[in-house]
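**Q** Structure, please.
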Amino acid sequence: MEINELTAAEERVWRAFPRGEPVDFREGDAEADNPALGSDWGPERTVRAAVLRALFLGAAREDGEIPTLRLSGARVTGQLKLAYAVVDHPIHLRYCHFDESPDLYGTRLRQLNLRGSVLPAVNLASTRIDGPLRMTLCRVRGTVRLAGAEIAGALFMDGAELTTSDPSVAVLQLHQAVLGDGFAAPGLRARGKVLLDGATVGGSISLDDAELTNPGDHALCARSLEVRADIRARNLRTQGGIDLRGSRIAGSLDFTGARLSNPGGTALRASSCVIGELWLYRCAPIEGRLHLRRSRIDVLGFESEVAPGEVLFNNLSYTALNPTEPAHLRLPLLERDGDGYVPYAYEQLAAAYRHVGDEGAARRVQLAKQRRHRATLPWIGRAWGHLQDTTVGYGFRPLRAAVWLLSLLAAGSIAYALHHPQPLKADEAPQFNPVFYTLDLLLPVISFGQEDAFAPTGGYQFLSYVLILTGWILATTVIAGVSRSVTR
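**A** Below you'll find the predicted structure:
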């Protein structure tokens, strides 16, 4: 393209490019400079996409200068086509209005800055960028395609607004992308699915104060995502599900103050994940299912009231549970497990209480596990379970067993004091003592010589059988409880 074919605005850009000088068409009036109204801008601030393409691919250089496009407040007409091109110059198209969607599929770029621009859509799939990609405050009315892109620096989308008229197509496609640094998108507004399946992020992801809206479907789909630092999503607002299954997050996944909503579906799925820390502090109650099956989390932090609905915790393992709440607040959560009775979930919760030295809470969880298991048994098993629960608390209430032993000792002593059993050998029998005779019946190991010397008859013989049987059960429970205390 010859210079004499350029408009005045284009000639200004053409001459500034070789020296990297900025060209700013903005007038200082917020309304007049609003890129959303850029379709009304006249020729004095209009640049054809073909002119920009010619600059990128064949403009003359000046010795000692670094060619750079620094263009602000322009209307770009036509489609900017750079598919498979190699552009050696940094590109800054700030607060511009694009009439058509740029096509940069497979392009090799040094740096791209689209801050504050308005675009119908943009295709950056399979693009390689040697520096950062800046889309801060961008407004895109279609899909941002970054699938398979490789960005050596960070991706900035803070304050961006992404919308799409086709809900079946993701509004942000970052699947299989590789970001050498982080993904900074605090305050992002996305109306449609955000797709990060299989992406690799060398730094952190920031979604603080973001709003992701896609009711009835996934608001954020990030399966097999790998993040080598943290995901910060404080005060995040979602309408639609978050799917992180199979992801690996080396640092923390922080939903502090978030509001997660997907009524009738799964609000947060982080199954089969490996996560350093998961925080759900000070969150509004989750509207939808919380799914953490088969995940490994070092520190799991959330208040019990955060998940009032269905949960899925089967094979979830964690080392520490914060905050340390009483067991009676945590146990209703396990009762709402969609898989029904999950023994492992109770064992994991008990282990978490033992980890902080709260053995009493751990025993309470174990007792709740036995009671929940009892409901799954046939009527005979349930009857036997009720008996164990009432008498000895399934072995987790040894003091209750001691009380039963003392009660039976008192009852037996009184009964045999009122009706002495007959001696087996009158000339060899010791003097009868009702207390030690009852102790002989109750205690399975210790012998005071009374049981072998006297034989009750009738109903008192049946009483002796009851005392022997209950004595075995209760004494064993007391010994087991004492052994656990000594071990601790």
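**Q** Would you point out which residue is most central in this structure?
**A** Geometric centre of the chain, nearest residue: A270, 5.1 Å, by Cα atoms, centre = their mean.
**Q** can I assume that one is in contact with R294?
**A** No - if you go by Cβ atoms under 8 Å, A270 and R294 don't touch, sitting 10.0 Å apart. Placement of C-beta: from N, CA and C, glycine included.
**Q** Quick check: the residue of the chain positioned farthest from its centre vs Y318, distance?
**A** Relative to the centre of the chain, the most outlying C-alpha is that of D427, 78.8 Å out, by Cα atoms, centre = their mean. The gap separating D427 from Y318 is 70 Å, by Cβ to Cβ, to the nearest Å.
**Q** what do you get for A16?
**A** To Y318, A16 is 58 Å away according to Cβ to Cβ.
**Q** Which residue of those two possesses the greater neighbour count?
**A** Neighbour count, other Cβ atoms under 10 Å: between A16 and Y318, Y318 has more, with 23 against 18.
**Q** and the host helix or strand of that one, what other elements does it pack with?
**A** Taking DSSP states H and E as the definition, Y318 sits inside strand 317-322. Counting by 3 or more Cβ pairs under 8 Å, 6 or more residues apart in numbering; DSSP states H and E, the packing neighbours recorded for strand 317-322 are strand 296-302, helix 343-355.
**Q** angle of the longest one against strand 317-322?
**A** Helix 343-355 and strand 317-322 are oriented at 50 degrees to each other (axes from the mean of the first three to the mean of the last three Cα atoms, to 10 degrees).
**Q** And the next helix or strand after the strand holding Y318, what's buried?
**A** With elements assigned by DSSP H and E, the helix or strand that comes after strand 317-322 is helix 327-335. Within helix 327-335, the residues scored as buried using 16 or more other Cβ atoms under 10 Å are A327, R330, L331, L333, L334.
**Q** what does stretch 353-370 give?
**A** By neighbour count with 16+ other Cβ under 10 Å, stretch 353-370 contains the buried residues Y353, D358, A361, A362, R363, R364, V365, Q366, L367, A368, K369, Q370.
**Q** what is the mean pLDDT for that stretch?
**A** For stretch 353-370, mean pLDDT rounds to 88.
**Q** next one: stretch 318-325
**A** 90.
**Q** what's in contact with that stretch?
**A** Applying Cβ atoms under 8 Å, 6 or more residues apart in numbering, the external contacts of stretch 318-325 come out as 296-301, 303-304, 330, 348-349, 352-353, 355-356, 358.
**Q** Show the end-to-end separation of stretch 421-428, please.
**A** Taking Cα to Cα, to the nearest Å, stretch 421-428 runs 15 Å from one end to the other.
**Q** circling back: what's the nearest residue to the residue nearest to the centre of the chain if we skip its chain neighbours?
**A** Leaving aside its chain neighbours, A270 sits nearest to L244 (4.5 Å; criterion: Cβ to Cβ, 6 or more residues apart in numbering).
**Q** ok, now which ones touch the one you found?
**A** So L244 contacts A222, R223, L225, L253, L268, R269, A270, C273 (Cβ under 8 Å, 6+ apart).
**Q** Tell me how many other residues crowd the second one.
**A** Which is R223. Neighbour tally, R223, other Cβ under 10 Å: 20.
**Q** Also the third one?
**A** Using other Cβ under 10 Å, L225 has 25 other residues around it.
**Q** Can you tell me the closest non-neighbouring residue to E65?
**A** R19 (4.7 Å).
**Q** do H89 as well
**A** Nearest one to H89, counting by Cβ to Cβ, 6+ apart, is P67 at 4.7 Å.
**Q** Check for me that the one you found belongs to a strand.
**A** No - using DSSP: H, G, I helix; E, B strand; the rest coil, the secondary structure at P67 is coil, not a strand.
**Q** Model confidence score at it, please.
**A** 89.
**Q** same question, L225
**A** pLDDT, L225: 97.
**Q** now swap in L399 and tell me
**A** L399 carries a pLDDT value of 67.
**Q** Quick check: pLDDT value at the closest residue to E100 other than its chain neighbours.
**A** Once flanking residues are discounted, E100 sits nearest to Q79: 4.2 Å by Cβ to Cβ, 6+ apart. Per-residue pLDDT puts Q79 at 96.
**Q** wait, what's in contact with Q79?
**A** Counting by Cβ under 8 Å, 6+ apart, Q79 touches A49, E100, S101, P102, D103.
**Q** if we go to 10 Å?
**A** By Cβ atoms under 10 Å, 6 or more residues apart in numbering, the residues touching Q79 are A49, A50, R53, F98, D99, E100, S101, P102, D103, P120.
**Q** Just send those back as TSV, with neighbour count, pLDDT and secondary structure too.
**A** Shown next, in TSV, are those (neighbours: other Cβ atoms under 10 Å; pLDDT from 0 to 100; DSSP: H, G, I helix; E, B strand; the rest coil):
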residue	neighbour count	pLDDT	secondary structure
A49	19	95	helix
A50	16	93	helix
R53	18	93	helix
F98	25	97	strand
D99	16	96	coil
E100	15	96	coil
S101	18	96	coil
P102	25	97	coil
D103	19	97	strand
P120	14	97	coil
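**Q** So which of the residues you listed is the closest to L260?
**A** P120 (30.9 Å; Cβ to Cβ).
**Q** give me the low-pLDDT residue ranges for the stretch 301-450 of the chain?
**A** For the stretch 301-450 of the chain, applying pLDDT under 70 flags the ranges 387-400, 426.
**Q** Recalculate using a threshold of 90.
**A** Residue ranges of the stretch 301-450 of the chain with pLDDT under 90: 302-304, 307-309, 323-325, 338-341, 354-364, 366-450.
**Q** is it fair to say S272 lies in a strand?
**A** No - using three-state DSSP, the secondary structure at S272 is coil, not a strand.
**Q** Against L137, how distant is it?
**A** Counting by Cβ to Cβ - S272 and L137 are separated by 36 Å.
**Q** neighbour-wise, which of these two wins?
**A** L137 (20 against 17).
**Q** what sits against that one?
**A** 35, 94-95, 114-118, 156-161, 187.
**Q** filter those residues to the buried ones?
**A** Buried members of the contacts of L137, scored by 16+ other Cβ under 10 Å, are 35, 94-95, 114-118, 156-161, 187.
**Q** Looking at those residues, which are in strands?
**A** Mapping the buried ones among the contacts of L137 onto strands (DSSP state E) picks out R94, V118, F156, E161.
**Q** you'd agree the first one is up against R70?
**A** Yes - using Cβ atoms under 10 Å, R94 makes contact with R70 at a distance of 8.0 Å.
**Q** Find the residues that touch each one of the two.
**A** Taking Cβ under 10 Å, 6+ apart as the contact rule, R94 and R70 both touch P22, D24, N113.
**Q** So what's the residue count around the second one?
**A** Put plainly, it is D24. If we define neighbours as other Cβ under 10 Å, then D24 has 15 of them.
**Q** List the contacts of it.
**A** With the criterion set at Cβ under 10 Å, 6+ apart, D24 makes contact with D33, R45, R70, L71, S72, G73, A74, R94, Y95.
**Q** Having no further points to raise, I will conclude here.
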